[in-house]
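Asker: need coordinates for the below:
(2 chains)
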Amino acid sequence: MTQIKLYNSATKQKEAFTPIDENHVTMYVCGPTVYNFIHFGNARPAVIFDCLFRILNSAYPKVTYARNITDVDDKINAAALEQKVSINEFTQKFTTAYQEDMANLGNLTPTLEPKATDHIQEMLDINQVLIDKGYAYESEGHVLFDVTSNENYGKLSNRNLDDMQAGARVEVADYKKHPMDFVLWKPSDTGTTGWDSQFGFGRPGWHTECVAMINKHLGKTIDIHGGGRDLLFPHHENEQIQGQCCQSETQDYVNYWLHNGMLNIDGVKMSKSLGNFITVRELLEQHDGELLRFALLTSHYRTTLNWTKDLLTQSQQALDKFYTVLRDTQDIKAGESDINTNPVVMALYDDINTPQAIAALHQISTDLNKKEGNLELLKAQFIQGAQILGILNKDPESYFKSGDGLDEASILDFIEQRKAAKKNKDFAGADKIREELLAQGIEIKDTREGVIWQRVR
RNA sequence: GGCUGGAUAGCAAAGUGGUAAUGCUGUGGACUGCAACUCCGCCAUCGUCAGUUCGAUUCUGACUCCAGCCUCCA
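Answerer: This is a model prediction of the structure:
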């Protein structure tokens, strides 16, 4: 089998991927905090890691992919209170919306979608273990992680405590031993969401949920942990140290850390705090999910992707071209394609190189159009590659023909009229019909096989 | 202040120690009644400077610029 390679943020290099268990790969990806509709930047990791999920599925018998839902958070509390709805109702609404958005972008449903609120006890247990082992302490109703307690703190993101303090905007609280200590459990007022615990009535603090969910569902050590680059610090650093410290010292928490680059808009990171975001919802109202997905795959996942109108235009052109090939080769039966010799798949096995995979798709398209070579193989490679990218799974006829506007019967009627005109060498008349159709959003083309039509986007 | 990445043709985007994939645009041609589709051809020396090397876009150093993290963020 061809080796899958992945860039590991922890070692800062591309490494051969070797799972702990050849028969069962485990992957965890940070999902959203459900307090509003997610913005398009959040869609990038979902699409990238969905692609990786498909890649792994093509190479291993079983893959468990977990993408969490953070449904307890101070922002959730605040927003629910402001909108005067119950927290449950509130988080359920946005959880469903998130799942719908993700599905509309062509993402497979993850194996597991665990919720933070279903793992409160597990989080408390982890806190207790950390306290018992001397990595965490209680202070004024809080449980805090002591960042000086383990020398590995800072390793993942390559930071040291002294440097960070120099220019840091760290909130110094008197219940902390060290300014960088982070909260694992915090006290809640009677009016705030909370759970009774040995540490008092309170709620989870720093993303212990990820550790809890991973330990419970995927194991003490997992193969892959993914998320946005902006989560590397502090989130993943803090999570990593917790995961490491609550198990045996020699055992790693995560073997491969993967981080996707940011999505920029007008050259600046799209983010909730800056307010320069577009929600996936809004984009889906104007564009097909497949187009949005394709646009996200046009650049390598570790680079920054600038979101522009031009990107969408170019993506649309590429998709149209691919669907044209599929439409024109409908009579070619896909043969057998060996994953290991498929250039599209090979590109993806090399650290999810989606741009190169798309380039390979273009190459195959040209060969198919030329009708040269082993067409059954080419078609099979094309379809197999597209499947792993999660694109081109629509029926090409309906891709071009579905939509609003003139009904099919009328279109065919016009085409017949034009045919008659052409037969009578009335080219002016024929052209006029073509123009009228175009004015109504219908484009027609004469091919050797006959007239074909499609709706213009 | 500390730490990360990045800079490739008009646009987008891979990649490599031996003069650079792919797509779009533009342009020349084939096909077509004309178009469209499709096919063939053309269009870059890889931010700047210096070093290593027989040879660097690819390695090293400096510089400039851009983005990100150090506060919730994918």
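Asker: so what does the residue in chain A that RNA strand B sits nearest to look like in phi/psi?
Answerer: Closest contact between chain A and RNA strand B, by Cβ to the nearest atom of the strand, is at A:G228 (1.8 Å). Glycine gets a C-beta too; all of them are placed from N, C-alpha and C. Note on A:G228: its backbone torsions stand at phi -70, psi 150 [degrees, to the nearest 10].
Asker: touching, it and A:H259? I think so.
Answerer: Yes. Counting by Cβ atoms under 8 Å, A:G228 touches A:H259, with 6.6 Å between them.
Asker: what's the domain layout of chain A?
Answerer: A:5-265, A:308-396, A:403-455 (automatic domain parsing).
Asker: the second one near RNA strand B at all?
Answerer: This means domain A:308-396. Yes. Residues of domain A:308-396 contacting RNA strand B under Cβ under 7 Å from any atom of the strand: A:308, A:310-311, A:313-314, A:317-318, A:321, A:324, A:328, A:350-351, A:353, A:355-356, A:358-359, A:362-363, A:365-366, A:369-370.
Asker: in helices, which of these fall?
Answerer: Judged by DSSP state H, these include A:310-311, A:313-314, A:317-318, A:321, A:324, A:328, A:355-356, A:358-359, A:362-363, A:365-366, A:369-370 as members of helices.
Asker: narrow the residues you listed to just the buried residues.
Answerer: A:311, A:318, A:324, A:328, A:356, A:358, A:365 (16 or more other Cβ atoms under 10 Å).
Asker: and the last one, what does it touch?
Answerer: Taking Cβ atoms under 8 Å, 6 or more residues apart in numbering as the definition of contact, the neighbours of A:S365 are A:321-322, A:325, A:382.
Asker: over to the fourth one?
Answerer: With Cβ under 8 Å, 6+ apart as the criterion, the residues that contact A:D328 are A:368-369.
Asker: next structured bit after the least confident helix or strand in chain A by mean pLDDT?
Answerer: Least confident helix or strand of chain A, by mean pLDDT, DSSP states H and E, is helix A:161-167 with a mean of 71. Using DSSP states H and E, the next helix or strand after helix A:161-167 towards the C-terminus is strand A:182-187.
Asker: gap between A:N255 and A:F49?
Answerer: A:N255 is 16 Å from A:F49, where distance means Cβ to Cβ, to the nearest Å.
Asker: more neighbours: which of the two?
Answerer: Set A:N255 next to A:F49 and count neighbours by other Cβ atoms under 10 Å: A:F49 wins out with 27 against 19.
Asker: tell me which helix or strand that one sits in.
Answerer: Using DSSP H and E, A:F49 sits in helix A:40-59.
Asker: also A:A295?
Answerer: Assigned by DSSP H and E, A:A295 falls within helix A:289-297.
Asker: name the nearest residue to A:C210, ignoring sequence neighbours.
Answerer: Excluding the flanking residues, the one nearest A:C210 by Cβ to Cβ, 6 or more residues apart in numbering is A:E239, at 5.0 Å.
Asker: burial count for that neighbour?
Answerer: A:E239: 25 surrounding residues under other Cβ under 10 Å.
Asker: helices or strands next to whatever helix or strand it lives in in the packing?
Answerer: Secondary structure from DSSP H and E places A:E239 in helix A:237-245. If you count contacts as 3 or more Cβ pairs under 8 Å, 6 or more residues apart in numbering; DSSP states H and E, helix A:237-245 packs onto helix A:120-132, strand A:142-145, helix A:208-213, strand A:254-260.
Asker: most packed of the ones you listed?
Answerer: Mean neighbours per residue, mean count of other Cβ atoms under 10 Å, is largest over the helices and strands packed on helix A:237-245 for helix A:208-213, with a mean of 27.
Asker: do the helix or strand hosting A:E435 and RNA strand B meet at all?
Answerer: Taking DSSP H and E as the criterion, the element that holds A:E435 is helix A:427-439. Yes. Residues of helix A:427-439 are located near RNA strand B by Cβ under 7 Å from any atom of the strand, namely A:427-428, A:430-431, A:434.
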